[in-house]
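Asker: below are the sequence and a predicted model; questions follow.
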Amino acid sequence: LDVLIDGPAPGPEGKNLWVGRTYADAPDVDGLTYVRGNALEPGDLAPCTIVGTEGYDSLARAEASPPKRRRARPRPRKKPSSPFTTLN
């Protein structure tokens, strides 16, 4: 599953442990997905393998070299040309 990384996990094990959500998890409602992996940042969409569960939470392992897939910035829209628009 692809996991959206929210940030580092709290506590001393937070060095390579991250908190994230899958497409089916809503913030503050559903369980979390704890991801173990290197070179992750908040906002990354990392492909992961679910390796276990702990209560309502999922435990996952990030793929060896996750591609950095970030949402592209929206391009500004061109103003529509109209025959009723005149430049004075």
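Answerer: That came in fine, so what should we check first?
Asker: C-alpha from now on. contacts and neighbour counts both.
Answerer: OK.
Asker: ranges for the strands of this structure?
Answerer: Here the chain has its strands, by DSSP state E, at 2-8, 17-21, 33-36, 45-54, 57-62.
Asker: just put those strands in a markdown table and tack on mean neighbour count, mean pLDDT and distance to residue 75.
Answerer: Formatted as a markdown table, these follow (neighbours: other C-alpha atoms under 10 Å; pLDDT from 0 to 100; distance: least, C-alpha to C-alpha, whole Å):
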| stretch | mean neighbour count | mean pLDDT | distance to residue 75 |
| --- | --- | --- | --- |
| strand 2-8 | 19 | 92 | 23 |
| strand 17-21 | 24 | 93 | 27 |
| strand 33-36 | 24 | 93 | 32 |
| strand 45-54 | 16 | 93 | 21 |
| strand 57-62 | 19 | 93 | 31 |
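Asker: can I get these in TSV with distance to residue 74?
Answerer: Output for those, formatted as TSV (distance: least, C-alpha to C-alpha, whole Å):
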stretch	distance to residue 74
strand 2-8	20
strand 17-21	24
strand 33-36	29
strand 45-54	18
strand 57-62	28
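Asker: what's the closest of these to residue 76?
Answerer: Shortest separation from residue 76 across the strands of the chain is recorded for strand 45-54, at 24.4 Å, computed as C-alpha to C-alpha.
Asker: so the closest one versus strand 2-8, what angle?
Answerer: Put simply, strand 45-54 runs at 80 degrees to strand 2-8, going by axes from the mean of the first three to the mean of the last three C-alpha atoms, to 10 degrees.
Asker: in its sheet, what does strand 45-54 sit against?
Answerer: strand 2-8 (antiparallel), strand 57-62 (antiparallel) (DSSP bridges).
Asker: quick one: residue 51 from residue 27, how far?
Answerer: 21 Å (C-alpha to C-alpha, to the nearest Å).
Asker: to residue 78, which of the strands of the chain lies closest?
Answerer: strand 45-54 (29.9 Å).
Asker: off-centre distance for the closest one?
Answerer: Its chain's C-alpha centre and that of strand 45-54 lie 13 Å apart, by C-alpha atoms, centre = their mean, to the nearest Å.
Asker: just stretch 16-28 next, same as before
Answerer: On the basis of C-alpha atoms, centre = their mean, stretch 16-28 sits 8 Å off its chain's mean C-alpha point.
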